[in-house]
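A.B. asks: Using only what follows, build the 3D model:
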Amino acid sequence: VKKGVQFIRGCLLVCSIFAFHGQVAAQTIKSVAIDFQILTETRPIAHEPGTLLYESGTFSLQNKYNTVTVHGLGLDLPEGTSEVTWSVEFINLGVGRAGLLLYDPPTIGKSHDDFWEKVNDDWELSSTESGSSFGARLAGVPMGKEDDTIIYENAETSLGKVYLSSREIADTVVLDGDNSELTAIQFEYYAALSPFGVQPTGKVRIYLNDGESHATAEVPVDPRGEMELQLGGLVVYDNPRGVMDDIQLASGGIGDEFTLDGSQRIINQIQFEYFAALNPFKSDQKGVLHVYANNGPVTGEGGPKKPGDLLFESDAFSLRAGYNMVTVSDLRVRVPEEITSVTWVLEFSGLTDIGKVGLLLHDEPDSGASAGTYWLNAGTQAAPDWQLQTPANGRGNFSARVAAQTPPPLSLAVGSVVYEMGEPIEVTFSNGPGNPKDWVGIYPPDMIPGSAAAPAWAYVNGSKSAGQGLTDGTLVFDAVLQPGNYMARFFEDDGYTQMASVSFSIAEPPSVSVGSEAYLSGETITIHFANGPGNPKDWIAVYRPDMIPAKVPSLLWAFVNGTQIAGEGLVSGSVSFAAGLPAGEYVARYLENDGYNQLAE
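C.D. replies: Residues are numbered from 1 along each chain as shown. Model (predicted):
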């Protein structure tokens, strides 16, 4: 049915001409040789709590173990906020004692293995031997989402200890720039209070970690360097460089699966490392990067899903002997919301019996999640045979780094809300998926896409033959549509999944008519006009058929207000000429804005 509809779509408009311009989903591939030298630098290891985001009122402390929950914070975080610190100040303890409960490690999110304590109005960094994170939960709104969720939780493994203090003590939570708002905090404290004196109280505060650098140290740095992230991009998966000679060799396709379940659904950069011992007499030894959604058949009984839909295929790049790092950037690989894991795969071609290529192994990622398994394709790309490999030592992860961003809002717009009949219609799309067969169709509002042919349509490249995938662009439809209301609809990948829509209308063309086709000589002549532009100096004129406007004066004329002095602009109305005309044939012309651009006759 769909092919038939597409055929009808094309047949209806074979004479239409399309124009377009747009942005191609591009890619940049960079390959550099690597070594395994350990690099260090002197840099800050902590930034003090600085800007105060929130301060509660005082609350009364209670004896024994207690849980405090603060709802409805509504704290907007500056874009890219990487860390915040929450604190509790214990006030008026007297001879009593109070402190926060120590837990480790966090089960959601991250916290440094230290905490802050304010001494004489200065923050000092402290720690304990057994663990230095306080029990807490934070709720917030991830970037690109509307609902809040738990973004940090350290409440599962109690160390059975309390850090007692009569001062303000605080713990830093790592956010990695992935949240737009904090909505709630929950923490636990212990108190042994004196029955004498004033009531001891507490106060909760939340800070940005934008204060002074507290300490510096000679620390190892990532030999891969920093990723040049796109605006809004974050590293969602990072498995660092391993050690020399720790390689998993392969001759076909080999890759690793990682979890992608946050708000960052557009992969824009992938970096991986490989080793190659190549045949020096061959020049066609190539590599290609593929990214698959793990939505294929389930492996075994209750096992993981195999790589399924191909989301991305890179250009082929030449393999180089030795250890190399490849960075594929400027991507817009959109991962569907229902997909929770993806697999990156390196396919090798042109290898001979003496050639060896493999990926660098590394035990566990620093950020993100991946099982201790990897995938081999024992078939071809056209007919894959995915085999899950489970090493006996549990080491099935490869060195890789992936950056992604929250999808910007997809939009569709028209050049004008109202078009004149026959005027070209411009439709602009932005932040699309970038599929070659994404397409825009124009329909009346009551027409159901897929059930009838679109009066006008085009793929994102501006034609009815799919070309390059475009994420942004403008289509120009020259098809003559009848007056009425329409909707431009943006559909995904040759289907009818609508991603965006926008309304516009085709206006009735200007018209002019006479009250009678025949008048008596000298009889008052009435001329009606409609659907005009509404300029005060639009005008009606009467000529003989052989007279050329602008070259000879009209026989009768009036502005649309019925006089020869411009007044209110009218889009429709009537003018009357009481003087009449001698017997003969005449033409009434509707002209625009005191000029000779004819709207109708």
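A.B. asks: C-alpha from now on. contacts and neighbour counts both.
C.D. replies: Noted.
A.B. asks: end-to-end on stretch 33-49?
C.D. replies: 40 Å (CA to CA, to the nearest Å).
A.B. asks: Domain boundaries for the protein, per the record?
C.D. replies: 2-24+408-507, 45-217, 233-405, 511-600 (automatic domain parsing).
A.B. asks: Ok, which of those comes nearest Pro223?
C.D. replies: Across the domains of the chain, Pro223 has its closest neighbour in domain 233-405 (8.1 Å, CA to CA).
A.B. asks: and the closest one, average pLDDT?
C.D. replies: If you average the pLDDT over domain 233-405, you get 92.
A.B. asks: please renumber so the chain begins at 195
C.D. replies: Yep, numbering from 195; the last one is domain 427-599 now.
A.B. asks: For that domain, measure first residue to last.
C.D. replies: Using CA to CA, the two ends of domain 427-599 sit 4 Å apart.
A.B. asks: Let me have the domains of the chain in a markdown table, adding distance to Leu233 and mean neighbour count as columns.
C.D. replies: Below are the domains of the chain laid out as a markdown table (distance: least, CA to CA, whole Å; neighbours: other CA atoms under 10 Å):
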| stretch | distance to Leu233 | mean neighbour count |
| --- | --- | --- |
| domain 196-218+602-701 | 37 | 18 |
| domain 239-411 | 13 | 18 |
| domain 427-599 | 12 | 18 |
| domain 705-794 | 71 | 16 |
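A.B. asks: can you put these in CSV and add distance to Gln231?
C.D. replies: Shown next, in CSV, are those (distance: least, CA to CA, whole Å):
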stretch, distance to Gln231
domain 196-218+602-701, 39
domain 239-411, 19
domain 427-599, 10
domain 705-794, 74
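A.B. asks: Can you check which of these gets nearest to Ile232?
C.D. replies: domain 427-599 (10.8 Å).
A.B. asks: check which helix or strand covers Thr263.
C.D. replies: Secondary structure assignment for Thr263, by DSSP states H and E: strand 258-264.
A.B. asks: Give me the distance from the next helix or strand after that strand to the chain's centre.
C.D. replies: Scanning forward in sequence from strand 258-264 by DSSP H and E, the next helix or strand is strand 269-270. The chain centroid and the centroid of strand 269-270 are separated by 21 Å under CA atoms, centre = their mean, to the nearest Å.
A.B. asks: Please tell me the pLDDT value assigned to Arg418.
C.D. replies: Arg418 is given a pLDDT of 88.
A.B. asks: The residue nearest to it when sequence neighbours are not counted: what's it in contact with?
C.D. replies: Computed as CA to CA, 6 or more residues apart in numbering, the closest residue to Arg418 that is not its neighbour in sequence is Arg435, at 7.9 Å. Listed by CA atoms under 8 Å, 6 or more residues apart in numbering, the contact partners of Arg435 are Arg418, Glu467, Leu554, His556, Ser593, Ala594.
A.B. asks: do that again at 10 Å, thanks
C.D. replies: Arg435 is in contact with 230, 416-418, 466-467, 519, 554-557, 559, 592-595, counting by CA atoms under 10 Å, 6 or more residues apart in numbering.
A.B. asks: distance of it from Gly481?
C.D. replies: In terms of CA to CA, Arg435 sits 20 Å off from Gly481.
A.B. asks: check contacts around Ala333.
C.D. replies: Contacts of Ala333 by CA under 10 Å, 6+ apart are 265, 267, 342-347, 373, 375-380.
A.B. asks: do the same with Asp307
C.D. replies: Applying CA under 10 Å, 6+ apart, we find Asp307 in contact with 298-299, 320-328, 365-366.
A.B. asks: is it true that Gly354 touches Gly329?
C.D. replies: No - between Gly354 and Gly329 there is no contact under CA atoms under 10 Å: 11.0 Å.
A.B. asks: Mutual contacts of these two, please.
C.D. replies: Joint contacts of Gly354 and Gly329 (CA under 10 Å, 6+ apart) are Leu295, Leu296, Tyr297.
A.B. asks: Nearest residue to Met337 in space, please, no chain neighbours.
C.D. replies: Per CA to CA, 6+ apart, closest to Met337 is Asn373, 4.9 Å.
A.B. asks: surely that neighbour meets Tyr346?
C.D. replies: No - contact criterion CA under 10 Å: Asn373 and Tyr346 do not qualify, at 11.2 Å.
A.B. asks: what touches both of these two?
C.D. replies: Ala333, Gly334.
A.B. asks: In contact with the residue lying farthest from the centre of the chain: list those residues for me.
C.D. replies: The centre of the chain is farthest from one residue, Ser715, which by CA atoms, centre = their mean lies 71.8 Å away. By CA under 10 Å, 6+ apart, the contact set of Ser715 is Ala773, Gly774, Leu775, Pro776, Ala777, Gly778.
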